[in-house]
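> How does the following fold in three dimensions:
(2 chains)
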There are 2 protein chains.
Amino acid sequence: VTSEVAIGVDIGGTKVAAGIVDSTGTVLATARRLTPAENWHAVRQTIGEAVLELIPRAHALGLDPVGVGIGAAGLVDADRSRVVFAPHLALRGEPIAEAVAKDVGIPVVIENDANAAAWAEWRFGAGQGQSRLVCVTLGTGIGGGMVDDGEVQRGQWGMAGEFGHMVFVPDGHPCECGNRGCLEQYASGNVLGRRARELIAAGAPEVAPLLKRAGGDPAALLGPLITEAAQDGDPLSIELFEQVGHWLGIGLANIAAALDPGMFVIGGGVSDAGELLLGPARRSFAQHLLGRRFRPPAQIKRVALGAAAGLIGAADLALNAPAG
Amino acid sequence: VTSEVAIGVDIGGTKVAAGIVDSTGTVLATARRLTPAENWHAVRQTIGEAVLELIPRAHALGLDPVGVGIGAAGLVDADRSRVVFAPHLALRGEPIAEAVAKDVGIPVVIENDANAAAWAEWRFGAGQGQSRLVCVTLGTGIGGGMVDDGEVQRGQWGMAGEFGHMVFVPDGHPCECGNRGCLEQYASGNVLGRRARELIAAGAPEVAPLLKRAGGDPAALLGPLITEAAQDGDPLSIELFEQVGHWLGIGLANIAAALDPGMFVIGGGVSDAGELLLGPARRSFAQHLLGRRFRPPAQIKRVALGAAAGLIGAADLALNAPAG
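This next block holds a predicted model:
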């Protein structure tokens, strides 16, 4: 335990996870809430409550949090003060950082959640020592972040790293972003369940064991259940991961053509499947990488910090943020 | 004219253009050769001859070139000493920079041609003052380069910026890189001619004026001729540029999702069509940009330095290179 700590908050579509994080990336205490869906005032209040639960717990440890870093699943502006667009959050450009700072009495910065995860993995996780790191998080959707020469790359308006919304099937599957054929529609967690439900609709007998596992309810065919089935050896579930891995590999090859990173770290719930996902992704990447017979391939690794990466990264970015 | 000059060399698939360039980006004298296709020794000799023609001309102006920058249409290694892969050049990883340096007696660096063009446009052209600039060159193929905070972004192995080889039509048109469905197969100069020839093969009467302009020879339907026809008002040629612009706009939206630059500069022969290309590209970009209702769009401009951008950028990078 070092004397400098910050509070990290990860706001996802369903849960808010907050934690006291020290300068070595260790989480000293956590608080959890459900993400309110009503409006930004409710989101503000929930974040404030979680932070105000943790501040006295930090004090009890003899520590005084210097700031709050919020990792949010959405487009964050270049000032890191607002979430300008987020399909799964009730945030649409309101001054959330300033409002929470007022509520909790310490400075607040907002960061895209995948940027925060990328930063955490570069500082404390699988990407330590990498000069060009790309993090791709596969959950309900796909997030992305980049750390180049020790700096998070945010782009001109804070919106870089949205690899999940690169169109790569023209006129393909509709996406929440308003486009069609985004990578997110082929290589994210919700694709696993969608494909299984398509097979049920088609009357494919091979989906029967998976449907049984879901208690006969197609709506219960979500990523974690299919991951569990794949790990138990269900052939269809393994194949679904092979398909997602195949598309992910093409997506990573596209990112490599543009950015040429030394390493990809893959996080999010879908990465819990480990080699069932990463094996097919590496093979597909090797088959699609530009100049593959004339150059080394980037490494593809699973994140080391797991689900806490976003929270840890957001806190560490707040620790390192210039005083607001 | 300032006292510091370097020699820039642009090696394309057909021509080698070399020039004496001063520190303001002004080209003081030029030399041209045809690109030899035989082997790297011939390429080395041709570059050496062009440089050795220019050195005495610099001396005659009272100037002493400090180095040579070579912009090459291919994947250049991170040391900027070799072209590791280039479909249109007889270079496959040989120590070309060292060999030319030995021949001409001054230091030599190699740079990807689109990186050089991006640098030139940032230093002296349409992208001056931009903190995040992406340059896309549309010629026979598609090249790309990035300048972030005043630095060319080359990636881990020198191979970043190859936007033309991002797959975005799975199982699409075969590409020279070995993949299928690369952007280059939908938004580059050779697509114009390919589409026109497809219409000839299909017996479409609307292609008749264009074929007549080509002297009845489908093989003569190349980019410059179709550009000229479009500028003269040929409806089919205008439509071909609209199609290329449409795909280019999607490609730029994909790059924006990943990199979020403030400006795109578009160069290469196809950009000679000006607004006939950029108009449709801007409309398509605006229709596909992620979060388009919640964020400003990047500017899309034509390069200011024209075909000389690669040569100027390569020379300026040599002027600014650490002494080899």
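> any idea of the pLDDT on the nearest residue to residue A:37 once chain neighbours are set aside?
Distances taken as C-beta to C-beta, 6 or more residues apart in numbering or on different chains place residue A:90 nearest to residue A:37, at 5.8 Å, with adjacent residues excluded. Backbone N, C-alpha and C define where each C-beta goes, glycine included. We note a pLDDT of 89 for residue A:90 in this prediction.
> Kindly report the same for residue A:67.
97.
> Likewise for the one 3 residues further on?
Per-residue confidence at residue A:70 stands at 97 (pLDDT).
> got it, and residue A:322?
pLDDT at residue A:322 comes out at 56.
> what sits against residue A:25?
Counting by C-beta atoms under 8 Å, 6 or more residues apart in numbering or on different chains, residue A:25 makes contact with A:120, A:123, A:124, A:125, A:305, A:312, A:316.
> what do you get if the cut-off is 6 Å, keeping everything else the same?
With contact set as C-beta atoms under 6 Å, 6 or more residues apart in numbering or on different chains, residue A:25 has these partners: A:124, A:312.
> That one in helix, strand or coil?
When classified by DSSP: H, G, I helix; E, B strand; the rest coil, residue A:25 comes out as coil.
> partners of the helix or strand of chain A with the lowest mean pLDDT in the sheet?
When the helices and strands of chain A are scored by mean pLDDT, DSSP states H and E, strand A:83-85 comes last with a mean of 91. Applying DSSP bridges, strand A:83-85 is found paired with strand A:75-76 (antiparallel).
> Quick check: closest non-adjacent residue to residue A:189.
Setting aside the residues directly before and after it, residue A:189 is nearest to residue A:223 in space (C-beta to C-beta, 6+ apart), at 3.7 Å.
> Would you confirm that that neighbour contacts residue A:194?
No: contact criterion C-beta atoms under 6 Å: residue A:223 and residue A:194 do not qualify, at 10.5 Å.
> Between those two, which has more neighbouring residues?
For residue A:223 versus residue A:194, the count of surrounding residues by other C-beta atoms under 10 Å in any protein chain shown is larger for residue A:223: 23 against 16.
> Look up how far chain B lies from the more buried one.
23 Å (C-beta to the nearest C-beta, to the nearest Å).
> and the residue in the stretch 51-200 of chain A that chain B sits nearest to, which of the three is it?
Scanning the stretch 51-200 of chain A for the residue nearest chain B gives residue A:155, at 2.4 Å (criterion: C-beta to the nearest C-beta). Following three-state DSSP, residue A:155 is assigned to coil.
> That one against residue B:262, yeah?
No: using C-beta under 6 Å, residue A:155 is not in contact with residue B:262; the gap is 8.4 Å.
> circling back: how about the residue nearest to residue A:189, phi and psi?
phi -50, psi -50 (degrees, to the nearest 10).
> now the helices for the stretch 201-324 of chain A?
Secondary structure of the stretch 201-324 of chain A (DSSP state H, counting those that start in this stretch): helices located at A:208-213, A:223-231, A:235-259, A:275-288, A:309-319.
> can you list those in TSV and add distance to residue A:38 and mean pLDDT?
What follows is the helices of the stretch 201-324 of chain A, written out as TSV (distance: least, C-beta to C-beta, whole Å; pLDDT from 0 to 100):
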stretch	distance to residue A:38	mean pLDDT
helix A:208-213	34	95
helix A:223-231	26	95
helix A:235-259	33	97
helix A:275-288	35	98
helix A:309-319	23	96
